Structure formats: C-alpha cells, structure tokens
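A.B. asks: Any chance you could fold what I've pasted below:
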Amino acid sequence: RGAVMAKQAKATKSSGGDNFTRWLVIGMVTLVVASGAIFSVVGEKSKANESFAILSDFKAGPTVVSTVDDANGAGITFNNGAAKTVDIWEDPQCPVCNTFEQANGEFVEDLVRAKKAKVVYHVLSFLGNESVSAANAAYCAADEARYLDFHKAMYLVQPVLENSGFYSTENLIKIGSYAGLTSQSFIDCVTKGSKLDKVRAAYESMGKYNVQGTPTVFFNGKLWERKNNAFLPSEFAAAFEAS
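C.D. replies: Coordinates of the predicted model:
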C-alpha cells in the first residue's frame, strides 16, 4: 500500500494557484530555512497531542449522505438536483484551503445541510504522500455519511508544514473518531487505502476542469475570481447568491 501511495504522491506533484498561495508557500519555506528548524519524532508527537486538544469539544452533526460522481472527477456530491451548484477543489494539506475553510466552511456546510445547493467536494492530492492518505480517508468518511464532520475536523488539526508525518494512518483514524467515525469499516478503509482509485481520479480530473491550484471554487460551472486575498464571507456569499 505504501508503495502505491508513494507512487500516487509522486504522480500528483503539481504547481499552480494564485499569487497569494505562491507567496505564502515562499514565505513558509524562507522561514524554515532561516530558522534551521529540525523536527524530531518526539516533537511531532507533542505537536500532535496539542493539535488534538483542539478537537476535545468537537461536536459531530447529523450524518449526511453523499454520492461519488465518477463523471465529475470522483467529486463527493451532496444534493443532486438542486438549482445551484458549487464545486470546491481542495488539498487536505493546503494551508490556504484551511484559510478558506475557516472563513466559509460554515456557510458551505449550511448549503449542504439545508439543501440549498448541490455541493461537490473535489479532494485533491498534489502536495505529497500525506495528501493522498488524507484524501483516501476523506472518501472513507464519505462512505459512512460523515464527510462534512471529517473534513471540518481534518482542517482544525492541519499541521503547519506539509508532509510532516502528521497525517499518518493512526492520526487519520483518530481524527475520524472525533467526527463520529469509529466503525471497523472506516478503520479498514483508511488502513488499506481502499479509495485510492477515487483519489487518483480526482487528481487526474484537474486538467479537464483547468484547475491550477487550491482552493478553487466554481459557481454553476463559472470560476470564482475573488477580489480580495482574504476569503471574505460576505464576498463568497454574494458570489453564491449571484450565481
């Protein structure tokens, strides 16, 4: 399984995104190089414990059934048939995706739970092997109608650095437990990499939809081009209403 995931991670390395994303990544790399940071195994475990403390009061919501649309890049799809459609392209390790989630995640979740729109999550994996593992786990969560909760919890504990070892099988299962995912079927799915075909299909669909980076959002098939570097909830809501 590790070899398959490593091969997938290598295949999914890409570049792109808006200038804000690029400058953020450049800034992070510069900071690490300048400080000469060295992360030990013990240090990573300590950081993991601190991260999970954030989830101590996490409340999972009611389950919401989704489908996987193989014709639409294996998108995890809610509310088929709704009048409006929102497509969201994210990589679980993408720091700017986390910024988007904290700003607009509640609004999007309401679109899903209140059935106000068809919402499609495209879970990408171009930032490395841990993105592949996390994306696989996200599909496993979707199988059990817990994608929304897993998605939220995963971003709450997202590590600062990509491929730091945090999105391990053990930690992904632990994230799932906070999101109401305790079944053996979920654990087996994460452990065995049972959804790697969906992960690969999602990545390979980027070219079809001309997605260059994450996060990318389409309203009714039209690319959302935000006017501010910040993901203003008011701007996002207005763009949805106008779509």
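
A.B. asks: from here on, contacts and neighbour counts on C-alpha atoms
C.D. replies: Fine.

A.B. asks: Not counting sequence-adjacent ones, nearest residue to the residue nearest to the spatial centre of the chain?
C.D. replies: Centroid check for the chain by C-alpha atoms, centre = their mean gives P92 as the closest residue, at 3.4 Å. The spatially closest residue to P92, leaving aside those adjacent along the chain, is S131, at 5.8 Å (C-alpha to C-alpha, 6 or more residues apart in numbering).

A.B. asks: how about the helix or strand containing the one you found: buried residues?
C.D. replies: Element membership for S131 (DSSP states H and E) is helix 129-143. Within helix 129-143, the residues that count as buried by 16 or more other C-alpha atoms under 10 Å are 129-143.

A.B. asks: residues in contact with that helix?
C.D. replies: The contact list for helix 129-143 (C-alpha atoms under 8 Å, 6 or more residues apart in numbering) reads 5-6, 8-10, 65-67, 76, 91-93, 123-126, 147-148, 150-151, 162-163, 165, 167-169, 172, 176, 181, 186, 189-190, 193-196, 198-199.

A.B. asks: same deal with stretch 162-180?
C.D. replies: Counting by C-alpha under 8 Å, 6+ apart, 44, 48, 52, 55, 58-60, 93-94, 127-131, 133-134, 137, 141, 146, 149-150, 153-154, 159, 182, 186-187, 190-191 sit against stretch 162-180.

A.B. asks: still on that earlier bit, can I take it that the residue nearest to the centre of the chain is in a helix?
C.D. replies: No - the assignment for P92, made by DSSP: H, G, I helix; E, B strand; the rest coil, is coil rather than a helix.
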